[in-house]
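A.B. asks: Here is a sequence with its predicted model. Questions after.
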Amino acid sequence: MARIGFIGLGNMGGPMAANLVKAGHEVLGFDLAAPVLKAAEESGVKPASHASQAVKEAAVVITMLPQGKHVLTAWTDILQSTAQGTLVIDCSTIDVESSRRAHEMAKTAGCLSLDAPVSGGTGGASAGTLTFMAGGSEEAFAQAKPILEAMGKKIVHCGEAGAGQAAKICNNMILGISMVGVCEAFALAEKLGLSHQALFDVASTSSGQCWSINTYCPVPGPVPTSPANNDYKPGFAAALMLKDLRLSQEAALASGASTPLGAQAAQLYALFEKLGNGGRDFSAIIEMFREKA
């Protein structure tokens, strides 16, 4: 079992670190928020007073932070305290350029590195069923895979440095677009007098089927585990969806890709957040379409 330093123990990082403890690893954790660090300690994570203490003598370091600037700042700090050959994994969802810069920093420090953002939300983090999209060398991926398997059920090597972030951005652009379409369809069905269950029974088994319907249906009833049945308590907050859609549009602009539906979805979620819904589940955007109708 490995000694692991874990930086960032919030809604995703906390349960991920807890699953590493359950798998038998020694996990030293750090977070700027004292209550978060305390909660992680209760799950078996050993608290550190600062990031450099958490990563000292660790064979593996994992970061789970909000934005690229936070990752670069954290890696600048922790790479001064890690030994050469340490494996450093970033599970944050950040821009591709910042991810590639982090890889270069690790290379300069003599460390192996992997960008490995996740999909699956807080439920997947708690259940240990996340999907990891990894970018980095074959050597780094081979070393990281057993660690990631303690936190997820599907581990995919997407390519070299930054490829994991690219896959995550593309995946979540699909998700944001598809959820908007599903919500529009259910809002239309309501106006036409069609029941939620009737539309679900048709669309979930025919050409309209997708994850946003079959697993995460945005209306209460058809899928009992979806946030729609719990007043849209977030499994994946609308603010996070907006963040990912904005990352997709930054990447599209930088690469010259045409993503008109991604751009429209980003605008819709920006409006939804502006209306005070950033902390609600992203599927709650159906309410905005009802209001506009």
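C.D. replies: Structure's in. What do you need? Keep in mind that this is a model prediction, so the values were computed, not measured. Numbering: from 1, shown residues only.
A.B. asks: Quick test: name the residue nearest the centre of the protein.
C.D. replies: residue 118 (4.4 Å; C-alpha atoms, centre = their mean).
A.B. asks: Do a quick rundown of the strands in this protein.
C.D. replies: According to DSSP state E, the chain carries its strands in the segments 3-7, 26-30, 46-47, 60-63, 87-90, 112-115, 118-119, 130-136, 152-159.
A.B. asks: of all these, which lies closest to residue 237?
C.D. replies: Of all the strands of the chain, it is strand 118-119 that lies closest to residue 237, at 14.4 Å by C-beta to C-beta. For glycine as for every other residue, the C-beta is placed from the backbone atoms N, C-alpha and C.
A.B. asks: What are the contacting residues of the closest one?
C.D. replies: Outside strand 118-119, the residues within contact range by C-beta atoms under 8 Å, 6 or more residues apart in numbering are 12, 16, 91, 93, 124-125, 130-133, 151-152, 168, 171-172.
A.B. asks: most neighbours, which of those?
C.D. replies: Across those, neighbour numbers were computed from other C-beta atoms under 10 Å; residue 132 holds the maximum, 30 neighbours.
A.B. asks: does it have beta-bridge partners, and which?
C.D. replies: residue 118, residue 155 (DSSP bridges).
A.B. asks: I figured it hits residue 157, correct?
C.D. replies: No: at 9.3 Å, residue 132 does not count as touching residue 157 under the criterion of C-beta atoms under 8 Å.
A.B. asks: ok, back up a step: out of the strands of the chain, the one nearest residue 291 is which?
C.D. replies: Of all those, strand 118-119 sits nearest to residue 291, with 29.4 Å by C-beta to C-beta.
A.B. asks: And that closest one, how far out from the chain middle?
C.D. replies: For strand 118-119, the separation from the chain centroid amounts to 4 Å (computed by C-alpha atoms, centre = their mean, to the nearest Å).
A.B. asks: where's stretch 221-236 relative to the chain centroid, distance-wise?
C.D. replies: 18 Å.
A.B. asks: That stretch: which residues count as buried?
C.D. replies: Buried residues in stretch 221-236, counted by 16 or more other C-beta atoms under 10 Å: 222, 223, 226, 227, 228, 232, 234, 235, 236.
A.B. asks: before we move on, what about stretch 74-89?
C.D. replies: 74, 75, 78, 79, 81, 82, 86, 87, 88, 89.
A.B. asks: and what of stretch 214-223?
C.D. replies: Residues of stretch 214-223 classed as buried: 214, 216, 217, 218, 219, 222, 223 (neighbour count, 16+ other C-beta under 10 Å).
A.B. asks: Tell me which two of those sit farthest apart.
C.D. replies: Farthest-apart pair in these is 214 and 219; separation 13.2 Å (C-beta to C-beta).
A.B. asks: Report the separation between the closest residue to residue 228 other than its chain neighbours and residue 43.
C.D. replies: Spatially, and ignoring its direct neighbours in sequence, residue 228 is nearest to residue 220 (4.6 Å; C-beta to C-beta, 6 or more residues apart in numbering). In this structure, residue 220 and residue 43 are 31 Å apart, going by C-beta to C-beta, to the nearest Å.
A.B. asks: Show the pLDDT at residue 292.
C.D. replies: Per-residue confidence for residue 292 comes out at a pLDDT of 60.
A.B. asks: i'd like the first residue to be 33 from this point on
C.D. replies: Taking 33 as the first residue, the last one we looked at is residue 324.
A.B. asks: and the nearest residue to residue 156 once chain neighbours are set aside, what does it touch?
C.D. replies: In space, and not counting its chain neighbours, residue 156 is closest to residue 162: 4.5 Å by C-beta to C-beta, 6+ apart. Residues near residue 162 by C-beta under 8 Å, 6+ apart: 48, 150, 151, 152, 156, 183, 184, 185, 186.
A.B. asks: Pick out the lowest-pLDDT one from those residues.
C.D. replies: Lowest pLDDT among the contacts of residue 162: residue 152, with 88.
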